[in-house]
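Colleague: A predicted structure for the sequence below; I have some questions about it.
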Amino acid sequence: MKRKFTGLILFLWVISFGIPDVFAQDATIRGKVTSRDDGQPLPGVSVLVQNTTIGTVTDIDGNYSISVPTGNSVLNYSFIGFESQSVQINNRSTIDVVMVTDTKQLSEVVVTAFGIEQDKKTLGYAVQRVDSDDIIRTKQPNLVNSLQGQAAGVQVTNAGGAPGQSARIVIRGINSLSPGADNQPLFIVDGIQIDNSTVESPGTPRGLSNRVADLNPDDVESMSILKGAAATALYGVRAANGAVIITTKRGKAGQTEVNFSSSVGFETPNRIPRLQENFGQGFSGVFDPTSFWPSWGAPISEVAQTVPGHKYQNNWERVFNTGVQVSNNLNISGGSENATFFGSFGRFDHDGIMPFSGWSRTSAKLNGQIKVSEKFNFSSSLNYINSGGNRVPHDRFMERMVYWAETQDVRDYINPDGTMKTYGSNTNPIYDARFSTFEDNVDRLIGNVTLNYKPADWIDFTYRVGADVFSDSRTEITPGPKGIDGERPLSATGFIREIRINSRDLTSTFIVSMQKRWSDKWHTSLRFGNDIFERKFDRLSSLGQDFVIPEFFNLSNTRQVFSDQGKSISRLVGFYGDVTVDYQGTVFLNITGRNDISSTLPQQNNSFFYPSFNLSYLFSETFDLPSWMSFGKIRASYAEVGKDTNPHLLGATYVTPSIYPLDGQVGFTRFGGFGDPNLRPERTSSIELGTQLGFLNNRIEVDIAYYKNNTKDQIIPVPVSPATGFTSYITNAGEIQNEGVEFMIKALAMQRSDFRWNINFNLSYNDNQVKSIREGIDEIIIGSQFGYVGSTVTMKLIEGRPYGDIYGSSYTRFYSGGRPEGVETLDRNLPLVIGANGFPVRDGTQLILGNAIPKWFGGIRNDFNYKNWDFSFLVDWRWGVDQYNQFDNFLSAFGLNEYTNDRNDTKVFEGVLSDGSQNTQEVWLGQGVGPDGRNYGAGFYRNTYRSVSENFVQDASFVKLRNITLGYNFNPRLLEKTFIRSLRASVAANNIILYTPWDGFDPESFSAGAGGNAVGFSGLGFPAVQSFFFTLNLGF
Amino acid sequence: MKNLSKIKLILIASMMVFLASCDEWLDVNENPNNPTDAPIQGLLTNVILESTMNVYRAGSISSNYVQHLASPNPSSSSDIMDPLDFSGTWGSFYSVMSDNTDLIRKAEDLGASHYVGVGQTMMALNLGMVVDMWGNVPFSEGFTFETVTPVFDSDQQLYAEVISLLDQAITNFNSTSTVTLRGDDFIYQGNIPQWIKFANSLKARFLIHTKGKAGYNAADVLSAVSAGFAANADDAKMNFFEQRRNPWEIIALNNQNLLLGGWISSQFIEALDGTSYPVSDPRLPLMVGATDAGEYIGVPNGAGRGDAPERGARSVLIPGQYYTSRIGPVLIMTYSELKFVEAEAVFETDKPRAYAAYLEGIRAHMNMLSVDNASLEQYIAHPSVSMGVAVFTVNDIFKEKWIATFLNPETWNDARRFNYAYQDMTLPENLNPNLNGQFIRRLAYPDSEVSRNGQNVPSVTLLDRIWWNQ
């Protein structure tokens, strides 16, 4: 392998020698550069001796020192976002400079790969920044959710309304054909990769957290979203799905500041399906107080005349609590010239709408920077988090709600002796939620140490080492019988499951940066370095069944214990280089290369190189543009990124099924997956074209990006015939393409003396296509979700079709001239075929009924400031998306939907008979013998409606008022006499308006959780919520 | 300048050292969870457990076709003989046969001929069941990943393979083995003479399927029978465990918890309660549960339970009976079945022996169920059972074998050979219209195989017969 690096080393060697040594020097000038806005020092300001290539940049405290050869008399100071200045030296040895913000120049500093801050306008690819204010204002405890609607090309979906529940983020579409692949971006906090996995519960879904939910949004200074392969090329394999670079808050030299914020929020379900309130417990229109059937019985009003207390209980409204969120954050920052710090404490408590659901997070963070000498500085950050809560079995809860009779009080769930109060054989959902517990407890440390050594003006070395370590301790308990006569236990034996997860990510990064100004016009910078990453993961799970002493919940108190363990380790070594050429601040060319070596691939294929090229051209610097156009840039990039795979996949292995040991014997079987011993890395190639335009003195900024990403040689578990000896063959097979356009508009819509109105708009379009799958393989199944009697739907991938197609059964359609061969997609516009029995005919053929990946999504934020008031609202939307509405399927099977009110109607189904003539037969929709004397059995909804997937694959588009906030900042003059520096009060509401054609709970919730790719299934998820917040911010 | 050179030197030198250690540092991909090799004992244990489960899985498919069981739901696909996707069951059979391939290969390398024998016996059992359900199936190109799309071999050739495997197994059982079979054998706990009887009995079972086809020789069956099971104690069955419960018990328990399943067909009830035949069978209350009112009422296949409630009004499998006890056995093949095989094989040549074997088959099954002696003798003595050699017909063999192989997939092989001509057996209600009023003759190839190996999957209908049924 060493040979492969000879080239790289030679390359670095040549470059190292290519850098000329420092010139002869005469006078030394020192000084400090500050910003006029806040008087704070400005680091990174470029100081250049005019008409020479001699230059330096200011350090973290704004200080600089430069040697000026005799004969030179002017220093140029420039920094992105500020007006450049030329200062006469006039024999001074100290020159302090105050920089003025450049209002005319369109500038935004974004953080790119490895924490490098760059001016967005110079970049050849799209990067978007979301700032602290915009994050905190969303009132989302999960940092991922705070990106909803705020960034183009970034689709964020909240898995549901459970406290701490995961949120999924996908940038520029799904890149992998593998059903189990992680399609979410890399998360970097202060230069260190952190874990964002979602480890769901075994058994019934309980809505666990994605690990980024551990971060306290209050600690975040900004998030920078690197979308395409060009932006992430330097991160290599780990960022093949994009990257989110999080920068946390830091201290500033000066007076110590204390900020305290406190917020309380209340939440309720934002939407409930439309339900019928007329029919109660029983079947065939007959009332039965012990019936399993919740509402196929007699009209409630009829029964109420003879049965006291019989009424519609409004269970679906009453079963939920008002959820409460309480958040308190305290941070202290400050420091001296040589050392700054930022410390914070945060506590967040959340009780969900589903009874007994809860989650809390406690975090403490310290960031510090120390300047040891002029050449050497040192920074470190440490973040401790404890998070977790009780995760109720939401899917089972909602399913039991479907079965629970509409005329039985669901809140009356427990007897005085602690056993379940119920009727018939039903399990009360609240009782189950209370006693069938699942608690997780995460202790996590994220930390890094960064050393920076700058021996000369033109070169610096940065070394950073960091770790993300967590343990996740989970305890699941379902009690067995208490031993009380007549009780209905939740389980015949009861069980306790203890899961221990230990995860450790280590990152080591070494970067050498060099800068060289060749002349007034040419400037280059070079970076190269090395990156080492290791991830270790260990999960141990023990299941104890059958408690000896009831209600003593300990593994040692069970009659049988089963254990299993899953370990993994993966390591990665990367080398990279990055050259940027800047011509006159007008044309920027950036070339990068990276070579990764991954432990997860076969040795002969585990080292791979990939390049990227970015070009941007600020044409507004060259051409005279009309006066209304103040800025113009075009950019183009081409990049490749390689991607490795999960660890421990290669070759054939054996496993012990979890049922063993049996009678002291342990069985072995072949593991179903066979990993290709010649596996190669995946390759994504990406083209991006874009433009950034400024109008009316840059009051309006428009950014448009077009991209096309192709991921080839996908590593996928190809399902193979089990007759081969394996069920899946993990190999390179298939290609997927994502093509899309992103629009962003930022505008200062109005500015009067006391009034400002800002608009931020983004809109994204993505088109995805499966270009190929291995020959001989027709389809890859991503997932399926249950529906009654043949209405189960499946998400699968087929060549030539986009990701996200949902297949299922439908009503048979009439094709004049007979059904053509090869119909794949249901055409809902064709007439239904009505059978001889007068009912629509079901077609069990699996047809495409919809697609679960939105074609369009976007958001718009409006911010208004008037004197001390501020007001903002964020609206986001998605359309061109369908989902399987499992709730609707269940509700219709049990006669709960509002539309089943027509159960006793007689109607003629619109459609044609098999011969094409119009159907005229009247049929009754009810159960049993109809008015016409015919026996209709279980009735239309149970016999026909619930068995047709088509009825439940529905348009899941929406427009949401995601957040609306009104705030008041107290006038600092009023506070002058107090110890309070600043005071702000605000009220906010989330999700109070939802517009969607979908009938049911909020269609945003889906059952797979953030880690799953089967996003087309709403499942019986935890309902989404709307919330109201009251917040107070205090500064001292 | 000096400084700089030093930096460069250090940089490059350290990089070289780093790269040298890189290879080793990155060599961590060996699977820490799954071993790359498995002991033959462990493979054998799982092969036996999963083969037994395969008998259950196949039985749970066929029991509705032979009308032992019926679905409580109207027009249930299993009852009305719709094409169903048994990808999961197909996968289970091929998984066991893959493990068997490894077991045989590793045991041969070790000279553990008894392990080879068990491997070959179980391979024959699984392969035979797969052929009986699906006909042509992959085998010769299977199990070793030589191709991702293995061809389908002809069912007739595979039958020869099954018999050959059993002959090899018998030879291997008679050789000395370097490794002794012990508690890892959940069927016979290492009793090799019983394994030899089992292999012979299986041979008799598969050979009798070919009765009437070219190459069939009754003498081959009878020599296998004579070397086969000699008593109920020889039965090939596997008892279950506290922590791994009998799958039929799980069906019965689930049904109690309203996950409906294990409902008894009215065909079965009526065959035993004196409706179809003029005798009440004492085995009925030992095999299935009664209604709350103490009656035995079945569900007509395809019709569903009608207005009967979910519980208490129909006969169902109930936990705790012979077939449904928690740690009780799943029967792979019984002495009783072998006696009926003998009766059928010898019927044309030695009718008295056939008659005696028939009666012994009934007795063996009744003894297995612990029918009390008085009831047993009373049943046997009934003129419709002990009809005498003269009027004794093959139909009587099939009738009693149908009861004695309750829930076993072998019943479906018999039913097809017998053209479902059991007394009073009628087509299920709402029969799949594509069957043109006929009973199902095979399973459809599973969807998974069609989507993964479509080019090789033969095109068949549910009426196309397995070679021995043509």
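Modeller: It's in.
Colleague: quick one: the strands in the stretch 501-650 of chain A?
Modeller: For the stretch 501-650 of chain A, applying DSSP state E, counting those that start in this stretch gives strands covering A:522-547, A:558-583, A:587-598, A:607-617, A:629-643.
Colleague: what's the least confident helix or strand in chain B, going by average pLDDT?
Modeller: helix B:2-26 (a mean of 67; mean pLDDT, DSSP states H and E).
Colleague: immediately after that one, which helix or strand?
Modeller: Using DSSP states H and E, the helix or strand that follows helix B:2-26 in sequence is helix B:40-65.
Colleague: so residue B:108 makes contact with residue B:116?
Modeller: Yes: between residue B:108 and residue B:116 there is a contact at 5.5 Å, judged by CB atoms under 8 Å. In short, each C-beta sits where N, CA and C put it, glycine included.
Colleague: neighbour count winner among those two?
Modeller: residue B:116 (26 against 14; other CB atoms under 10 Å in any protein chain shown).
Colleague: looking at the more buried one now. What's its pLDDT?
Modeller: pLDDT recorded at residue B:116 is 97.
Colleague: now swap in the one 4 residues further on and tell me
Modeller: We note a pLDDT of 98 for residue B:120 in this prediction.
Colleague: pull the contacting residues for it.
Modeller: The neighbours of residue B:120, taking CB atoms under 8 Å, 6 or more residues apart in numbering or on different chains as the test, are B:104, B:165-166, B:168-169, B:172.
Colleague: hang on, the earlier thing: among the strands of the stretch 501-650 of chain A, which is nearest chain B?
Modeller: When the strands of the stretch 501-650 of chain A are compared by CB to the nearest CB, strand A:558-583 sits nearest chain B, at 4.3 Å.
Colleague: and residue A:341, how far from chain B?
Modeller: In this view, residue A:341 and chain B are 32 Å apart by CB to the nearest CB, to the nearest Å.
Colleague: one more: residue A:858?
Modeller: 37 Å.
Colleague: looking at this, that residue is in a strand?
Modeller: Yes: counting by DSSP: H, G, I helix; E, B strand; the rest coil, residue A:858 falls inside a strand.
Colleague: wait, it sits on residue A:763?
Modeller: Yes: under the criterion of CB under 8 Å, residue A:858 makes contact with residue A:763 at 3.7 Å.
Colleague: how is chain A divided into domains?
Modeller: A:2-102, A:127-250+A:322-392+A:438-470+A:497-777+A:854-883+A:959-1035, A:805-851+A:886-955 (automatic domain parsing).
Colleague: deepest-packed of those domains, please.
Modeller: When these are scored by mean count of other CB atoms under 10 Å in any protein chain shown, the highest mean neighbour count falls to domain A:127-250+A:322-392+A:438-470+A:497-777+A:854-883+A:959-1035 (a mean of 20).
Colleague: anything in contact with each of residue A:858 and residue A:763?
Modeller: Contact criterion CB under 8 Å, 6+ apart; residues shared by residue A:858 and residue A:763: A:152, A:743.
Colleague: ok, the residue in chain B that chain A sits nearest to - how many residues close by?
Modeller: Closest to chain A within chain B is residue B:46: 3.1 Å, counting by CB to the nearest CB. Counted with other CB under 10 Å, the neighbours of residue B:46 add up to 31.
Colleague: neighbouring contacts of stretch A:90-109?
Modeller: For stretch A:90-109, the external contacting residues (CB under 8 Å, 6+ apart) are A:27-37, A:42, A:45, A:73, A:75, A:77, A:79-83, A:85, A:87, A:89, A:117-121, A:129, A:630-631, A:692, A:694, A:697-698, A:701.
Colleague: what's around the nearest residue to residue B:454 once chain neighbours are set aside, how many residues?
Modeller: In space, and not counting its chain neighbours, residue B:454 is closest to residue A:778: 6.4 Å by CB to CB, 6 or more residues apart in numbering or on different chains. By other CB under 10 Å, the residues close to residue A:778 number 15.
Colleague: residue A:778: what's it in contact with?
Modeller: A:798, B:451-452, B:454 are the contacts of residue A:778 under CB under 8 Å, 6+ apart.
Colleague: pretty sure residue A:682 is touching residue A:714, no?
Modeller: Yes: with contacts counted by CB under 8 Å, residue A:682 reaches residue A:714, the gap being 5.5 Å.
Colleague: mutual contacts of those two, please.
Modeller: A:176, A:732.
Colleague: in stretch A:301-314, which residues are buried?
Modeller: A:302-304, A:310-313 (16 or more other CB atoms under 10 Å in any protein chain shown).
Colleague: what would those look like in CSV with distance to chain B, secondary structure and pLDDT?
Modeller: Below are the buried residues of stretch A:301-314 laid out as CSV (distance: CB to the nearest CB, whole Å; DSSP: H, G, I helix; E, B strand; the rest coil; pLDDT from 0 to 100):
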residue, distance to chain B, secondary structure, pLDDT
A:302, 21, helix, 94
A:303, 19, helix, 94
A:304, 25, helix, 94
A:310, 21, coil, 93
A:311, 25, coil, 94
A:312, 25, coil, 94
A:313, 23, coil, 93
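Colleague: leaving out the residues flanking it, which one is nearest to the most centrally placed residue in chain B?
Modeller: The centre of chain B sits closest to residue B:55, judged by CA atoms, centre = their mean, with a distance of 2.2 Å. For residue B:55, ignoring the flanking residues on the chain, the nearest one in space by CB to CB, 6+ apart is residue B:332 at 5.2 Å.
Colleague: again with residue A:389
Modeller: For residue A:389, the spatially nearest residue (CB to CB, 6+ apart) is residue A:359, at 3.3 Å.
Colleague: spit out the contact partners of the one you found.
Modeller: A:162-164, A:209, A:350, A:352, A:387-391.
Colleague: give me the phi and psi angles of the nearest residue to residue A:662 once chain neighbours are set aside.
Modeller: Closest residue to residue A:662 apart from its sequence neighbours, by CB to CB, 6+ apart: residue B:241 at 5.0 Å. Here is the backbone geometry of residue B:241 (degrees, to the nearest 10): phi -130, psi 160.
Colleague: and what of residue A:293?
Modeller: phi -80, psi 120.
Colleague: just checking, it touches residue A:894?
Modeller: Yes: counting by CB under 8 Å, residue A:894 is a contact partner of residue A:293 at 6.8 Å.
Colleague: in helices, which of the contacts of residue A:778 fall?
Modeller: B:451-452 (DSSP state H).
Colleague: nearest to residue A:155 among the contacts of residue A:778?
Modeller: Comparing the contacts of residue A:778 against residue A:155 with CB to CB places residue A:798 closest, at 22.5 Å.
Colleague: ok, the closest one to residue A:734 distance?
Modeller: 11 Å (CB to CB, to the nearest Å).
Colleague: okay, and the common contacts of the two?
Modeller: With CB under 8 Å, 6+ apart as the test, residue A:798 and residue A:734 both reach A:770, A:773.
Colleague: could you find the closest non-adjacent residue to the closest residue to chain B within chain A?
Modeller: Relative to chain B, the nearest point of chain A is residue A:667 (3.1 Å; CB to the nearest CB). Nearest non-adjacent residue to residue A:667, counting by CB to CB, 6+ apart: residue B:46, 3.1 Å away.
Colleague: so who does that neighbour touch?
Modeller: Neighbours of residue B:46 in contact, by CB under 8 Å, 6+ apart: A:657, A:667-669, B:99.
Colleague: cutoff 6 Å now
Modeller: Shown in contact with residue B:46 (CB atoms under 6 Å, 6 or more residues apart in numbering or on different chains): A:667-669.
Colleague: residue B:207 reaches residue B:221, doesn't it?
Modeller: Yes: counting by CB atoms under 6 Å, residue B:221 is a contact partner of residue B:207 at 4.7 Å.
Colleague: the stretch 51-200 of chain B: helices as residue ranges?
Modeller: With DSSP state H, counting those that start in this stretch as the criterion, the stretch 51-200 of chain B has helices at B:77-80, B:87-110, B:113-134, B:155-173, B:192-209.
Colleague: of those helices, which is nearest residue A:245?
Modeller: It's helix B:87-110; of those, that one is closest to residue A:245 (CB to CB) at 44.3 Å.
Colleague: tell me if the closest one is near chain A.
Modeller: Yes: part of helix B:87-110 sits near chain A under the criterion CB under 6 Å from any CB of the partner chain, namely B:91, B:94, B:98-99.
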